[in-house]
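> Here is my input; please provide its structure:
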Amino acid sequence: MNIQRKYSVNCSGELGPEQGLVHAYVNTALADKKEYAFLFETLTEEEEAMIHRQIPIWWAAMWLAIIGQYVGLYNKVIMSLLFILAFARWGFGVHDSHHTRMSLPWPHKFCFAVFCGFTPLPSCWCDLAYDHRSKHHPSKAALDPKEGDKDSQWSVRPLLKTIAFLSFWPSEFSVWEITCQWFGNPAAFWSERIPVALFYWAELGILYLMDPSFTLMIWLLATGHIASSGLFLLFHGMTHRQSFYACLIAWDPSGLRHVPYIDAIFNILLPARGWMDMKFHDVHHAFPNSIGTLTMRAYLPRGGWQKVEEAAANMVDEGLFLDDNGRPTSHLAYAGHKIGSRKEYLEQQEVKRQASRSSSKTSPTKDLKRPLLKSIPPPSS
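Numbers count the residues shown, from 1 in each chain. Next comes the predicted model:
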């Protein structure tokens, strides 16, 4: 099996090895299997446009949350909760847009003028997409936080320290990182940065007109800061953390990575497909180009998050990677994961169900009409 040749034909930009996966190659044969074909189909222009529309839709939802409070429908606490819910969905739409072939339409780029924290400059689509594609996904197939990528580095630090740092420094939406984006990324992006910045300052002016005391503006910037910290804690602080996957594997032997109660909470805070995408972020990193994000695959009519989730679990069970001899190898072996463990578990559950059904059919039945106690004959006279 010529893994190198298969990679160069079918899977450009998706080859290991990594520091944590020595001589491991992406199992591109998964793309040839009929049951996974829907994950690897090339998106049409209409489908990519539908994915892109998530960004203006949820940007508008953030403004609706603000307007609702302004007209007196609810207080600022409810406004903040609604804003954070819309912000989270906008964030997943942004991530999806980084993995489409088409560039984001120009009108949609103005929707990056969001209140993401106490920063005078917005983080533009051109800079975020450039950093994500060229620095986060240049050749990384495995979730290896030691690779040196600054986004993944958040998962190297102890969890409590990561939470503390992100609370003050919300990663790519922090003042310093936005400044680095503006003055460190290609100068060709200035034609996008300046109009988006002007639009962002106009939005800040609208907030001032709505409340000249600056209370609403400060409240919203603080809300955006909290939302940004939470979003990047999930994307950078958790999805590249080895202990995160170890917990998911330990909690659910079925391979679906279900977590009681936690799933219910995150399926409210995030779109259900978004939380599923976070739990199977290793699948996304194995096929960042040919699959893209699991979120956008689940968003399409041919997908559905439960169908995508089951396919992702089966792919991990078959092996996302191959060793030098072309044999499947688990990138989660450190957590006790073994190739075929999901299949073995499902077979055991099926045997138990069959045994339960057969035992219920062969169990003796009692005549319900028969009295439980024999009648005692009357005493003889």
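> Run through the strands of the stretch 251-381 of the chain in chain order.
321-322, 328-329 (DSSP state E, counting those that start in this stretch).
> How about the stretch 101-250 of the chain?
According to DSSP E, counting those that start in this stretch, the stretch 101-250 of the chain contains no strands.
> follow-up on the earlier one: so which of the strands of the stretch 251-381 of the chain is the most surrounded?
Highest mean neighbour count among the strands of the stretch 251-381 of the chain (mean count of other CB atoms under 10 Å): strand 321-322, with a mean of 22. To be clear about C-beta, it is placed using only N, CA and C from the backbone, and glycine gets the same treatment.
> so what strands line up beside that strand?
strand 25-26 (antiparallel), strand 328-329 (antiparallel) (DSSP bridges).
> need the least confident one among the ones you listed, by mean pLDDT.
Lowest mean pLDDT within these: strand 25-26, at a mean of 86.
> Quick check: what element follows it along the chain?
helix 37-40 (DSSP states H and E).
> which helices and strands sit right next to the helix or strand following that following helix?
With elements assigned by DSSP H and E, the helix or strand that comes after helix 37-40 is helix 45-52. With contacts taken as 3 or more CB pairs under 8 Å, 6 or more residues apart in numbering; DSSP states H and E, helix 45-52 sits against helix 76-97, helix 294-299.
> How far does the last one sit from its chain's centre?
Chain-centre distance of helix 294-299: 9 Å, with CA atoms, centre = their mean, to the nearest Å.
> swap in stretch 314-327?
That offset, for stretch 314-327, works out to 22 Å (CA atoms, centre = their mean).
> Check which residues of it are buried.
For stretch 314-327, a neighbour-count test (16 or more other CB atoms under 10 Å) marks Asn314, Met315, Val316, Asp317, Glu318, Gly319, Leu320, Phe321, Leu322 as buried.
> got it, and stretch 170-183?
For stretch 170-183, by 16+ other CB under 10 Å, it's Pro170, Ser171, Glu172, Phe173, Ser174, Glu177, Ile178, Gln181, Trp182.
> which among those residues gets closest to Glu344?
Distance to Glu344, by CB to CB, is smallest for Ser171 among the buried residues of stretch 170-183, at 39.1 Å.
> Quickly note the distance from that closest one to His98.
15 Å (CB to CB, to the nearest Å).
> Same question for Arg342.
Arg342 is 29 Å from His98, by CB to CB.
> do Thr162 as well
22 Å.
> about what we covered before: okay, the strands of the stretch 251-381 of the chain in CSV with distance to Ser213 next?
As requested, the strands of the stretch 251-381 of the chain are exported to CSV (distance: least, CB to CB, whole Å):
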stretch, distance to Ser213
strand 321-322, 57
strand 328-329, 61
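> of all the ones you listed, which lies closest to Asn267?
Of these, nearest to Asn267 by CB to CB is strand 321-322, at 29.2 Å.
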